[in-house]
Each structure stands twice: as C-alpha cells, then as structure tokens.
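Visitor: Just to be clear, the model below is a prediction. Sequence and coordinates:
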Amino acid sequence: MQVKILKYEIMKIWAFIILSTILCSGCSVKEKPEFIKVENIKVLESTSKYVTITADAFFLNPNDIGGELKTDAIKVYVNDNEMATVSTESFKVPAKAEFSIPLKTQIPTDSILSGKSIGGLINSLFSKKIKVQYKGDIVYKALFFSYKYSIEKTDKIKIKL
C-alpha cells in the first residue's frame, strides 16, 4: 500500500515538473518594460479646497508576461515648490503591449497660496500658466525581480482664472 502511495506522489511531482516546463518555456522576460514618457499634464479640476492635477506615464512591455507597476512617492512641484505626493495602488502590466498609468494628485489650494510660493503664483496669474514638475520613482515587479524607473518631467500648463 505504501509503495503505491509513493509511486502516486512521484507521478504527481513529475507531472507538475513537466507541466511547469511546458508553461514556462513559452513565457519569457527578455528585458524590463521601457519607460517612454510622461505626458498630458493638466489641471483636471479646481475647487476652493483642491486643485487636481493629472498626467500619464507611458510604457512599452516587450515581454511575454506582465507584472505590476507601483508609484513610489512621486513628488509634485508647482512653480518649484513641493506641493504633493503621488502614491497609488499597483497597476497590472499587460504582456507585449504599450500602456499608460495615470498619475493623479490633489493639491490643497491654500498651499498654492502660501507665502513660499506667492512670487511664482503672481507670475502665473499674469502668464496664465503654472510650472508643474513630477519627480520620483515607479517600480515594476514581475516574478522574482523588480526594476525602478526614475521619473522627472516638467511642463507649463494653462490655468483658468
């Protein structure tokens, strides 16, 4: 009886090894996904309490398997003053595809109007544009490894008065 159970266990192990080999041989991770750009920085919404700013980070994944991306405390600067941090939940990375992840943050209106940024704000009121900068890291994880992408993008965006 014990010999029969042992043979059954060995057959299960071999079946698992063969199945794993077949499944994994078609899937490969050739290289890390390529960070392309950050674009579409804009004011999404402006209220008396918050200004919501969004952007999109674009990537290309040439691999047969996906993974996940997570922002790692990307700092948002308005007129050279740190105003907010973007930290999000993980995003699923599709296999063999170009994709983007949203970078969205809310900045308290009173922090934009604070004393340290008043000079830049006055300048912005005349030009009707503000300087927005994203600085930080996005982390890609797949299987047993991870890669870190440093993000630094500055843009001037229109504001509505």
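Guide: That came through, no problem. Predicted, not measured: the structure shown is a model, and the values here were computed from it.

Visitor: contacts, neighbours, all on C-alpha from now
Guide: Noted.

Visitor: For the residue nearest the centre of the chain, list the residues it contacts.
Guide: The C-alpha lying nearest the average C-alpha coordinate of the chain belongs to Thr71 (C-alpha atoms, centre = their mean; 4.4 Å). Applying C-alpha atoms under 8 Å, 6 or more residues apart in numbering, one finds that Thr71 lies in contact with Val86, Ser87, Thr88, Glu89, Ser90, Asp137, Ile138, Val139.

Visitor: So what's the residue count around Ala97?
Guide: When neighbours are defined as other C-alpha atoms under 10 Å, Ala97 has 15 of them.

Visitor: That one and Ile65 touch, don't they?
Guide: No - Ala97 is beyond contact range of Ile65, at 10.2 Å (criterion: C-alpha atoms under 8 Å).

Visitor: And Val78, how far from Glu152?
Guide: Applying C-alpha to C-alpha, to the nearest Å, one obtains 13 Å for the distance of Val78 from Glu152.

Visitor: Common neighbours of those two, please.
Guide: With C-alpha under 8 Å, 6+ apart as the test, Val78 and Glu152 both reach Gln133.

Visitor: Which one of the two is surrounded by more residues?
Guide: Under the neighbour definition other C-alpha under 10 Å, Val78 and Glu152 were set side by side, and Val78 has more, 21 against 15.

Visitor: So what does the closest residue to Val86 other than its chain neighbours look like in phi/psi?
Guide: Here the nearest residue to Val86 in space, its sequence neighbours aside, is Ile74; by C-alpha to C-alpha, 6 or more residues apart in numbering that works out to 5.0 Å. The main-chain torsion angles of Ile74 are listed as degrees, to the nearest 10 and equal phi -70, psi 130.
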